[in-house]
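Undergrad: Task: produce atomic coordinates for the following.
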Amino acid sequence: MNIFCFGISHQTANVEVRERFAIPDSALADSLMRLAQISSVDEGVLLSTCNRTEFYIVSPDSQLAVEPLFHDFYGPVETTEFQHCFRLAATPTIRHLFRVASGLESMVVGETEIFGQVKRAGVPGRQACAIVNGDHAGKCFCWFCCRGSGSTDLGEPGRL
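TA: Just a heads-up that it's a prediction; the model follows:
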C-alpha cells in the first residue's frame, strides 16, 4: 500500500489556478465516484477549500505521479499548471494532513475552520476513506499542543 497527497494550495498557486482545480461541495460525491474509477486509485479522499485542493490517495503504484492522476480526474490540464502542484508520499503525507487539520498550513496559522473541512472531506466518501479520521487528527493535535492550558482553540493567541 502506498499513500500520497497531490494538490495545490495558497503556498503553491495563485487564486486563478486554485479556482481551476477547486471542487465545489455540490460536486464532491460525484468527484469521489470519478476518483474511485481511476485504475491507479484504491482509496481516496478529496479536500477542497478556497485555499487548497488536495487528493489523499492509496495506490498500488509506488511511483504514482500527479500528471496522469490529474489528467484522469480533470481531463486535459495545461502542462504549465503542473508547476503549481505538489506530491507527497508515505510519512510526509500523514504529517501534512495533521498540519492541515490543525491549521498549521492555513493562510492564517491556527485558524479552526479547516478542522471542520478536513472532518467533512471524508463524510461523502466514507467507504473510500481509510487514511485518517480528520476529527481524530485535529483533536490529537489540539490535545498535544494545548493540554493543561485550559484551551483547545488553536486560534487563541499565544497558545502555540
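Undergrad: Could you list the low-confidence segments of this structure?
TA: Applying pLDDT under 70 to the chain flags the ranges 110-112, 115-116, 119-160.
Undergrad: residues near the closest residue to Pro60 other than its chain neighbours, how many?
TA: Residue nearest to Pro60 in three dimensions, not counting chain neighbours: Asp42, with 6.3 Å by C-beta to C-beta, 6 or more residues apart in numbering. Where C-beta positions appear, they are placed from N, C-alpha and C, glycine not excepted. Using other C-beta atoms under 10 Å, Asp42 has 17 neighbouring residues.
Undergrad: Cys85 touches Val66, doesn't it?
TA: Yes. Using C-beta atoms under 8 Å, Cys85 is in contact with Val66, at 4.9 Å.
Undergrad: Give me the more crowded residue out of these two.
TA: For Cys85 versus Val66, neighbours defined as other C-beta under 10 Å are more numerous around Cys85 (22 against 17).
Undergrad: What separation is there between that one and Ala65?
TA: The gap separating Cys85 from Ala65 is 10 Å, by C-beta to C-beta, to the nearest Å.
Undergrad: before we move on, back to that, show me whatever sits in contact with both of Cys85 and Val66.
TA: Both Cys85 and Val66 are in contact with Phe6, where contact means C-beta atoms under 8 Å, 6 or more residues apart in numbering.
Undergrad: So the residue nearest to Pro60 is in contact with Tyr56, correct?
TA: No. With contact defined as C-beta under 8 Å, Asp42 and Tyr56 do not form a contacting pair (11.8 Å).
Undergrad: Grab the nearest non-local neighbour of Asp72.
TA: In this structure, Asp72 finds its nearest non-sequential neighbour in Ile38, 4.7 Å apart by C-beta to C-beta, 6+ apart.
Undergrad: Can you name the residues that contact that neighbour?
TA: When contacts are counted by C-beta under 8 Å, 6+ apart, Ile38 touches 69, 72-73.
Undergrad: Show me which of these are buried.
TA: 69, 73 (16 or more other C-beta atoms under 10 Å).
Undergrad: quick one, helices of the chain?
TA: 15-21, 28-36, 66-74, 91-101, 113-121, 134-146 (DSSP state H).
Undergrad: Now for the residue at minimal distance from the centre of the chain: which residues touch it?
TA: Nearest to the geometric centre of the chain sits Glu54, at 3.7 Å (C-alpha atoms, centre = their mean). Under the criterion of C-beta under 8 Å, 6+ apart, the contact partners of Glu54 comprise 5-9, 46-48, 100.
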